[in-house]
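Chemist: Let's see this in three dimensions:
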Amino acid sequence: MLTTDKFKLTYVYSGLFSTDKEWIHPERTEVTWELIYVVSGTVCIEEDGRRYELFPNDGIILKPNTRHIGYKKSTPPVSFYWVHFTVDDFSKIGIRSHVIKNYTKAFNFKNLLHVANHPGYPDGSAEAVLLTLLNDLAYFTAHASDTDSRVIRSAAEYIRINSGKKLYIDDLASIYGMNPQYFSKLFKDNYKIGLKEYICRERMNTAKNLLCNTNYSIKEIAAAMEFSSENEFINYFKYHEKTSPKKFRNMFSRVHMNNK
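Modeler: This is a model prediction of the structure:
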């Protein structure tokens, strides 16, 4: 158990569900909180009479002692992370919405599974990583609820969707009919981060997700992300992450998987 000045948090267990067959979520009533994050396919789940259809990069936090059940079969392949935890006062974590849309940091879940399943980490390590993940979700949901301008919100979504491609500020500004300098300023005013930095962050998120959640080779990932060569991708990754793609992938080697 990890104790902060606001709440007490305990990691229970987690895993990565994956199936290439038609699937529907079974009926469950858990005594823990459960966080689900979709990697591929769709997850259709009902909780307390409300139905939610989750797509890749979407998540949901299910309440304890509450019935939840799949209401529609998912078309394969389906893959999602699941995390069970307890907390004495969930509201103090600061996550504003129990449904999370377009969260791109799937590698944070891979990191949690790696730490939780690696015998070399000391007691409490899983709680520490889980706390970091929940804090990041709190930050993400807080900023997602801010009132952004329609154009900049659309641009941010465009960048996220196309983060596997090379993107240039001049081209983005042209798409939205703006001067590049003004477009960059407006973006930073809304998102508190530079446009170039935001593009790099989303490209790194995509690279990390491909490294953690696919069997593509480094060369195949470089080609898929429109780098001119494998070496260009490796150097780009090293510059931003301070480690090589290969070492990053090998960091997360222990994952609890299930297919039932």
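
Chemist: Check for me that residue 91 belongs to a helix.
Modeler: Yes. Membership of residue 91 in a helix is supported by DSSP: H, G, I helix; E, B strand; the rest coil.

Chemist: how close does it get to residue 137?
Modeler: 14 Å (C-beta to C-beta, to the nearest Å). No exception for glycine: its C-beta is placed from N, CA and C like everyone else's.

Chemist: Please say which of those two ends up with more neighbours.
Modeler: Neighbour totals were compared for residue 91 and residue 137, and residue 137 leads with 23 against 9 (other C-beta atoms under 10 Å).

Chemist: Could you pull up the residues touching the more buried one?
Modeler: Residue 137 sits next to 59, 95, 100, 103 when contact means C-beta atoms under 8 Å, 6 or more residues apart in numbering.

Chemist: All the helices of the chain, in order from the start?
Modeler: Secondary structure of the chain (DSSP state H): helices at 107-117, 125-144, 150-161, 169-175, 180-191, 195-213, 218-224, 230-241, 245-251.

Chemist: and of those, who's closest to residue 64?
Modeler: Evaluated with C-beta to C-beta, those place helix 125-144 nearest to residue 64, the distance being 15.3 Å.

Chemist: what are the ranges of the strands in the stretch 1-150 of the chain?
Modeler: 2-3, 8-19, 28-29, 33-40, 43-47, 50-54, 59-62, 67-70, 78-87, 99-100 (DSSP state E, counting those that start in this stretch).

Chemist: Provide the strand pairings for the fourth one, with the direction of each partner.
Modeler: Partners of strand 33-40 in the sheet, by DSSP bridges, are strand 59-62 (antiparallel), strand 78-87 (antiparallel).

Chemist: picking that back up, out of the contacts of residue 137, who's nearest residue 67?
Modeler: Nearest member of the contacts of residue 137 to residue 67, counting by C-beta to C-beta, is residue 59, at 19.5 Å.

Chemist: how near is residue 165 to residue 220?
Modeler: 16 Å.

Chemist: Then residue 245?
Modeler: Using C-beta to C-beta, residue 245 is found at 11 Å from residue 220.

Chemist: The two - which one has more neighbours?
Modeler: Shown here are residue 245 and residue 220; by other C-beta under 10 Å, residue 245 has more neighbours (22 against 13).

Chemist: quick one on the thing from earlier: now mean neighbour count and mean pLDDT too, for the strands paired with strand 33-40, in TSV please.
Modeler: Putting the strands paired with strand 33-40 into TSV (neighbours: other C-beta atoms under 10 Å; pLDDT from 0 to 100) gives the following:
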stretch	mean neighbour count	mean pLDDT
strand 59-62	22	96
strand 78-87	21	97
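
Chemist: Low-confidence ranges, the stretch 1-150 of the chain, go.
Modeler: Residues of the stretch 1-150 of the chain meeting the criterion pLDDT under 70: 144-149.

Chemist: For the closest residue to residue 216 other than its chain neighbours, which residues are in contact?
Modeler: The shortest distance from residue 216 to any non-neighbouring residue, by C-beta to C-beta, 6 or more residues apart in numbering, is to residue 210 (5.9 Å). Taking C-beta under 8 Å, 6+ apart as the criterion, residue 210 is in contact with 216, 221, 224-225.
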